[in-house]
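J.: sequence isn't available, so here's the structure alone:
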């Protein structure tokens, strides 16, 4: 998973060419919003879409049937799984 840098402040800096900034400022004005909202809203929509896509698993019909079959009839635990269970901390 990629490393994410998280700052405690509420600022984010972007470097853009003067022409790019002028285009963004003009478009924001045409939408009657400020530059921050104009840039932030589409970026947030895209970020949420990327996250949703990364968190979703799409299975073929064959694979989904196999998963359901294994949930209904789980295989017996093998030695590696029994060892992992034994290593878990005891609750109680």
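T.: In hand now; what should we look at? Keep in mind that what you see is a predicted model, and the values were worked out from it rather than measured.
J.: so which residues of the protein form strands?
T.: Taking DSSP state E, the chain contains no strands at all.
J.: what's near enough to touch residue 30?
T.: With contacts defined as C-beta atoms under 8 Å, 6 or more residues apart in numbering, residue 30 has no neighbours. The way it works is simple: take the backbone N, C-alpha and C, and place the C-beta from them, glycine included.
J.: do residue 35 as well
T.: For residue 35, the contact set (C-beta under 8 Å, 6+ apart) comprises 24, 25, 28.
J.: can you do 6 Å?
T.: By C-beta atoms under 6 Å, 6 or more residues apart in numbering, the contact set of residue 35 is 25, 28.
J.: how close does the residue most central in space within the chain get to residue 30?
T.: Nearest to the mean C-alpha position of the chain, by C-alpha atoms, centre = their mean, lies residue 51 at 2.3 Å. Using C-beta to C-beta, to the nearest Å, we find residue 51 at a distance of 29 Å from residue 30.
J.: please tell me how far the residue nearest to the centre of the chain sits from residue 72.
T.: Here residue 51 is placed at a distance of 31 Å from residue 72 (C-beta to C-beta).
J.: likewise residue 24?
T.: 54 Å.
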